[in-house]
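Visitor: Build the 3D model from these lines:
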Amino acid sequence: MDTPAPFDQESVRRSAKARDITLNYYEAGPGLETVAGATSATTEVPAGGGLPLVMLHGGGPGASAWSNFAAALPRFAPHFRTLLVDQPGFGASDKPPVVGNYFRHSADHVVGLLDELGIERVHLLGNSLGGGTAMRLALSYPDRVGRLVLMGPGGLSLNLFHADPTEGVQRLMDFSANPSREALRAFISTMVVNQSLVTDELVEERFADATAPGAQDAMRAMGMSFWNPDTAEDGLLWREAHTLRKHTLLTWGREDRVNPLDGAMVGLKLIPKASLHVFPNCGHWAQIEAADEFAEVATAFLARHVERLDKVDDRKSAR
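Guide: You can find the predicted model right below:
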């Protein structure tokens, strides 16, 4: 597949109120006027029942919607109205105190954003931390969600054979304890198999974002919501997996060193309408390291959504 032309970041940047905060996001797709190299993004009929697609990024140092999904946007925008959202505490979004567990905190604000934009129902695609947010949103607001694509999702991943913390999580903790370019490079190196992707430019960009005003406090607040006994249990999404009634595509890099592949087994067993796709020679960033295959698999899965039939199926499954 030819690599699609990238979008210009500022031409697709937006912001809107999300309850009591403002969230930054990027938007392109059918029916939207955008300035981009991939001008065909506004010409095709939307797939997946016409529902917009919201992408939610991971939670590593310097993570943001653009850093995780800029390369994915021109692959999905020809088919879906696509929104890449900076979750609360990340990127250019506001960084309020985390209330409760982060997954619920973020999901509530993402729904607030959808309300502000007048969007009733969406497909969700989430990586790592964003996967946990996507699942919490689907559990708490089932009428707002069509289908789910989860990439090595936090909260749902339950390591059967690997120790906790995993190598990738330990590297994240090392950076939080002593932020440096060297520690950040070590963390990013655990994200991918192909180490040529760990460029000096990427390290510098992520380091700038990770050390921007308020970013480290926001990272610590997010992390503590998974350690504090009063809020941590709400993040154990695998305990609620059997109640999820959405068609769910679990995607995993075979060599994932953050949420290893064995973590997929519980979700695959418990979610009634789950399937699993594994990318070989791929780490935690499938959307980057297996970009073409990931887009093909996810787009095909979402395109099978028929809004009327899936709503009926959701109601039958809930009985």
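Visitor: Would you map the helices across the stretch 201-319 of the chain?
Guide: 215-224, 229-232, 264-270, 286-289, 291-303, 307-317 (DSSP state H, counting those that start in this stretch).
Visitor: what residues does the longest one touch?
Guide: Spelled out, that is helix 291-303. 1, 47-48, 53, 71-72, 75-76, 79-80, 123, 125, 146-147, 149, 151, 247, 249, 251, 275, 277, 279, 286-287 (C-beta atoms under 8 Å, 6 or more residues apart in numbering). C-betas here are computed from N, CA, C, even on glycine.
Visitor: out of those residues, which are inside strands?
Guide: Within those, residues falling in strands by DSSP state E are Leu53, His123, Leu125, Gly146, Arg147, Val149, Met151, Leu249, Thr251, Ser275, His277, Phe279.
Visitor: Return the distance of the last one relative to Ser140.
Guide: Yep, that's Phe279 we're talking about. 29 Å (C-beta to C-beta, to the nearest Å).
Visitor: what about those two, which has more around it?
Guide: Phe279 (20 against 15; other C-beta atoms under 10 Å).
Visitor: related to what we said a few turns ago, which of the ones in strands among the contacts of helix 291-303 are buried? Put it as a PyMOL command.
Guide: If you want just the buried ones from the ones in strands among the contacts of helix 291-303 in PyMOL, going by 16 or more other C-beta atoms under 10 Å, the selection is:
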select buried, resi 53+123+125+146+147+149+151+249+251+277+279
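Visitor: Just send the ones in strands among the contacts of helix 291-303 back as JSON lines, with pLDDT too.
Guide: As requested, the ones in strands among the contacts of helix 291-303 are exported to JSON lines (pLDDT from 0 to 100):
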{"residue": "Leu53", "pLDDT": "98"}
{"residue": "His123", "pLDDT": "98"}
{"residue": "Leu125", "pLDDT": "98"}
{"residue": "Gly146", "pLDDT": "98"}
{"residue": "Arg147", "pLDDT": "98"}
{"residue": "Val149", "pLDDT": "98"}
{"residue": "Met151", "pLDDT": "98"}
{"residue": "Leu249", "pLDDT": "98"}
{"residue": "Thr251", "pLDDT": "98"}
{"residue": "Ser275", "pLDDT": "98"}
{"residue": "His277", "pLDDT": "98"}
{"residue": "Phe279", "pLDDT": "98"}
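Visitor: got CSV for the ones in strands among the contacts of helix 291-303, with distance to Lys269 too?
Guide: CSV is the format used below for the ones in strands among the contacts of helix 291-303 (distance: C-beta to C-beta, whole Å):
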residue, distance to Lys269
Leu53, 27
His123, 23
Leu125, 22
Gly146, 23
Arg147, 19
Val149, 19
Met151, 19
Leu249, 15
Thr251, 17
Ser275, 12
His277, 16
Phe279, 20
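Visitor: tell me which of the ones in strands among the contacts of helix 291-303 is nearest to Ala264?
Guide: Using C-beta to C-beta, Thr251 comes nearest to Ala264 of the ones in strands among the contacts of helix 291-303, at 8.9 Å.
Visitor: which residues touch that closest one?
Guide: Thr251 neighbours (C-beta under 8 Å, 6+ apart): Val149, Leu150, Met151, Gly152, Leu276, His277, Val278, Phe279, Ala286, Phe294, Val297, Ala298.
Visitor: Kindly recompute the last result at 6 Å.
Guide: Met151, His277, Ala286 (C-beta atoms under 6 Å, 6 or more residues apart in numbering).
Visitor: For the nearest residue to Leu261 once chain neighbours are set aside, give me its contacts.
Guide: Take Leu261 and drop its neighbours on the chain: the residue closest to it by C-beta to C-beta, 6 or more residues apart in numbering is Trp252, 5.2 Å away. Contact analysis of Trp252 by C-beta under 6 Å, 6+ apart lists Gly152, Leu261, Ala264, Val278.
Visitor: Quick check on those residues: which are buried?
Guide: Burial of these was assessed by neighbour count (16+ other C-beta under 10 Å); the buried members are Gly152, Leu261, Ala264.
Visitor: Just put these in a markdown table and tack on distance to Pro6 and pLDDT.
Guide: Below are these laid out as a markdown table (distance: C-beta to C-beta, whole Å; pLDDT from 0 to 100):
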| residue | distance to Pro6 | pLDDT |
| --- | --- | --- |
| Gly152 | 24 | 97 |
| Leu261 | 30 | 97 |
| Ala264 | 31 | 97 |
